[in-house]
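Peer 1: Build the 3D model from these lines:
(2 chains)
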Amino acid sequence: MTLLTDPPKEQFRLSMLLYDTRYRSATFQVIALLCFMLLAAWLISNTAQNLAELGKPIDFGFFGESAGYDINQRLLDYDSQDTHLRAALIGLLNTLVVAALGCATATVLGVTVGVLRLSNNWLISRLMTVYVEMFRNVPVLLWIVFIMAVMIETLPAPRAFRGDNATASMLLGDSVALTNRGVYIPEPLFSRSLGDIHLLGESSLRFNVSLDLIVVLAVLIGGVWVSQFIKRRADRIQESTGDRPTTWYLRLGVIVVPLVIVLAALGFYLGHPELKGFNFKGGTHMRNSLIALWLALSLYTAAFVAEIVRSGIMAISSGQTEAASALGLRSNRIMSLVILPQALRVIVPPLISQYLNLTKNSSLAIAVGYMDITGTLGGITMNQTGRELECVLLLMLIYLIISLSISTVMNWYNESVKLEER
Amino acid sequence: MNKSVFLGALTVAGLMAGVAAAGTMDDVKARGKLNCGVTTGLVGFAAPDANGVWNGFDVSVCRAVAAAVLGDQNAVEFVPTTGKTRFTALASGEIDLLARNTTWTFSRDVDLKFEFIGVNYYDGQGFMVPKSLGVSSAKELDGATVCIQTGTTTELNLADFFRSNNISYEPVPIETNAEAQQQYLAGACDVYTTDASGLAATRATFEAPGDHVILPEIISKEPLGPLVRHGDSEWGDIARWTLNALIAAEEYGVTSANIEELAKGTNNPEINRLLGTEGTLGEMLGLDKEWAKRAIAANGNYGEIFAKNIGENSPVGLGRGLNAQWTNGGLLYAPPFR
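Peer 2: Residues are numbered from 1 along each chain as shown, chains lettered A, B, ... in the order given. So this is what the prediction gives:
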């Protein structure tokens, strides 16, 4: 006979949801979630109902209609007969261009300034302090407008380059023109071009890929890969024998020589801008709206990046620098081998937010008439079609996707530089 | 994602809640002020003077409506809008009336759900260039850089004009007239294009207006008029007939100078009905008898408003042209007050 019985099974009662601490928090969470969903549902239905009453139900059909307006800076072919969808695509590319240019410049400038701010040279470190404080304490919109105004008011108009008594002249052997409509620089051209590949036919998302560019990039990547191979071989030799073979001319050669051969075979030359009629023709036209936006965003964000870099470097104990120099490393080797690899762990996460900020700040483009996605989809398209809700929702979605993509890439990079803990 | 859509929906729902409210006239009366959308500043049409008081051709329409509805031509809150923000401001209920040289087009009337209450200026799109360029026709503008206010019909007309003439151009989109002026004067664009009246008004503010010419081509029809939201016909009627009263007053010779005398009664039944000494037109609108009298007395009839703000003797210097009364060969034709 055994006395061991099962413990009495506890009946579940409804009141336990409130009085039993095991369930109480879950109960409250479910209630809060329900309230939130009800509120959201009410807002959505209210919006939909009001839009329907106004006779404007949600409809994305306008994307297929002809846009009717022109865009000055376009990376793909576009004219006013193309659809609103293509206009939005052109705007999106303009946003991505200025964001990419801005992030790259802000990083280079920010790292330089951040390092220089820690310099022992009194003048340099103070100058960098002035730069950082000046840029990060003034709204970026003012910098954008200011740079634009400076360009418009101080640079000569194209007509100043004309005639025998021209008051302005082109730079660098007549290849670069600085005007108040932007900067004209030589463009790379190929006399024996391989042509383009047309993708996606005649749809609104069609685009051409230059075969010349693909070939040049392939040769460049191949050269870099071979160069890395030579470096690894030199590392192996150094590890086994202690002597490092001199390889810099080999490494340079495998990149440069094939590139030069391919460029010569394609008939590479530079097309110079020339003054014809009202404007310069030929060359690449970097509009002053692009330059103003790019410069202002980079200078502004670089001030924040500089502070992040400085904090990252200062987070590394100075004992490490002293230890490294006791081992006989030169100061630039100390920075690249000892300090930066550790500092990057501190630098990268806040750097991601700066990239995101820069990208989102690029929506201030309309202040200088730069046709980014906010200017096309959220500006002229919205204005001409009257589809405010659709355009704004889509705009939010697009910025969200861009931001999340940047975060993903940077997080992946962060994983690769972070401390490996065992 | 969820959050941004949610917040967006919240904003929009907030916006729409305003629209679904009671009639606009009740709102205006309860508020005691008319919210009137105007430009951010275009001399002659709508611009604040040195004392911050708004004046101009479009402003006078706002004041006339305020005088008719509220009995005080100064009971107006002027809301400066850009080409881009004006429709959202009106659709969201931020303003009750938009008097901002806005072109009456099919899609704005039908698709954007607005109601144009008439035309107060018959205009067309033109081009202004510096004389020194030596251009005499818009067709010589191949390759030119053109400053243009974004979010306007001019943007679309411009694209059509250059495409149909098979010439190229470089658009420089600009938010306000002031920015356009700055870029044009600095030579950052060769040409400034907008409605011909706007060009004349802009040129009037230049230091040397004589150095700039307006090209002969008028590339579009731009009937400019005030507008209200779709769906509130009572309010639309008040705005429409206030504008018509200004136009009819010029036709019948009712001016701000003689209106007090004429309001005592005349032999002309049209004038009597207009000024409220005969009939019940004001009651039909939901206003009192003297609504039109106040509207006209505020800034005078259409002709007086035109002459004072943009006429030949003003700095803007526009001729009446198409904007003369039908009796003088123009297009202004107010329906009968009966």
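Peer 1: which residues sit in contact with residue B:155?
Peer 2: Residue B:155 is in contact with A:68, A:69, A:70, A:380, B:148, B:149, B:171, B:173, counting by C-beta atoms under 8 Å, 6 or more residues apart in numbering or on different chains. C-betas here are computed from N, CA, C, even on glycine.
Peer 1: how about 7 Å then?
Peer 2: Residue B:155 makes contacts with A:69, A:380, B:148, as judged by C-beta atoms under 7 Å, 6 or more residues apart in numbering or on different chains.
Peer 1: since we're on the residue of the stretch 101-250 of chain A at minimum distance from chain B, how many residues are nearby?
Peer 2: Nearest residue of the stretch 101-250 of chain A to chain B: residue A:157, at 3.2 Å (C-beta to the nearest C-beta). Counted with other C-beta atoms under 10 Å in any protein chain shown, the neighbours of residue A:157 add up to 21.
Peer 1: Could you report the neighbour count for the residue lying closest to it once chain neighbours are set aside?
Peer 2: Using C-beta to C-beta, 6 or more residues apart in numbering or on different chains and skipping residues adjacent in sequence, the residue nearest residue A:157 is residue B:187, 3.2 Å away. Per other C-beta under 10 Å, the neighbour tally for residue B:187 reads 21.
Peer 1: just checking, residue B:187 is part of a helix?
Peer 2: No - counting by DSSP: H, G, I helix; E, B strand; the rest coil, residue B:187 falls outside a helix, being coil.
Peer 1: Next one: it from residue A:377, what distance?
Peer 2: Distance, residue B:187 to residue A:377, using C-beta to C-beta, to the nearest Å: 31 Å.
Peer 1: quick revisit: I'd like to know how far the residue nearest to residue A:157 sits from residue A:280.
Peer 2: Relative to residue A:280, residue B:187 is positioned 14 Å away (C-beta to C-beta).
Peer 1: same check, this time on residue B:78
Peer 2: For residue B:78, the distance to residue A:280 equals 43 Å [C-beta to C-beta].
Peer 1: Indicate the residue of the stretch 51-200 of chain B located nearest to chain A.
Peer 2: residue B:187 (3.2 Å).
Peer 1: Residues contacting stretch A:231-243, please?
Peer 2: So stretch A:231-243 is contacted by A:244, A:245, A:247, A:251 (C-beta under 7 Å, 6+ apart).
Peer 1: any idea how chain A splits into domains?
Peer 2: The record assigns chain A these domain ranges, following automatic domain parsing: A:64-186+A:272-417, A:190-270.
Peer 1: Output the contacting helices and strands for the strand or helix carrying residue A:414.
Peer 2: Using DSSP states H and E, residue A:414 sits in helix A:388-417. Packing partners of helix A:388-417 (3 or more C-beta pairs under 7 Å, 6 or more residues apart in numbering or on different chains; DSSP states H and E): helix A:340-361, helix A:373-375, helix B:2-19.
Peer 1: ok, 10 Å please
Peer 2: helix A:21-53, helix A:84-117, helix A:340-361, helix A:373-375, helix A:382-385, helix B:2-19, helix B:86-91 (3 or more C-beta pairs under 10 Å, 6 or more residues apart in numbering or on different chains; DSSP states H and E).
Peer 1: So which bits of it are buried?
Peer 2: Judged by neighbour count using 16 or more other C-beta atoms under 10 Å in any protein chain shown, the buried positions of helix A:388-417 are A:388-396, A:398-399, A:402-403, A:406, A:410, A:414.
Peer 1: What angle do helix A:21-53 and that helix make with each other?
Peer 2: 140 degrees (axes from the mean of the first three to the mean of the last three C-alpha atoms, to 10 degrees).
Peer 1: Tell me what angle helix A:388-417 forms with helix A:84-117.
Peer 2: Using the same axes, to 10 degrees: helix A:388-417 against helix A:84-117 is 40 degrees.
Peer 1: which residue is nearest the middle of chain B?
Peer 2: Centrality entry for chain B: nearest residue to the mean C-alpha point is residue B:101, 3.2 Å, by C-alpha atoms, centre = their mean.
Peer 1: Can you say which of the domains of chain A is packed in most?
Peer 2: Among those, ranked by average contacts under mean count of other C-beta atoms under 10 Å in any protein chain shown, first place goes to domain A:64-186+A:272-417 (a mean of 18).
Peer 1: So which residues on the stretch 101-250 of chain A come close to chain B?
Peer 2: A:145, A:148-149, A:151-160, A:179-182 (C-beta under 10 Å from any C-beta of the partner chain).
Peer 1: Narrow these to those in strands?
Peer 2: Under the assignment DSSP state E, these contribute A:179, A:182 to strands.
Peer 1: Report pLDDT for the closest residue to residue A:176 other than its chain neighbours.
Peer 2: Take residue A:176 and drop its neighbours on the chain: the residue closest to it by C-beta to C-beta, 6+ apart is residue A:185, 5.4 Å away. Residue A:185 carries a pLDDT value of 90.
Peer 1: hmm, back to that, so which of the helices and strands packed on helix A:388-417 comes closest to residue B:291?
Peer 2: Nearest to residue B:291, of all the helices and strands packed on helix A:388-417, is helix B:86-91, at 22.8 Å by C-beta to C-beta.
Peer 1: Toward the C-terminus, what is the element adjacent to the closest one?
Peer 2: That would be, after helix B:86-91 and using DSSP H and E, strand B:97-103.
Peer 1: Run me through the strand neighbours of that next one, direction for each.
Peer 2: With DSSP bridges as the test, strand B:97-103 is paired with strand B:34-38 (parallel), strand B:222-229 (antiparallel).
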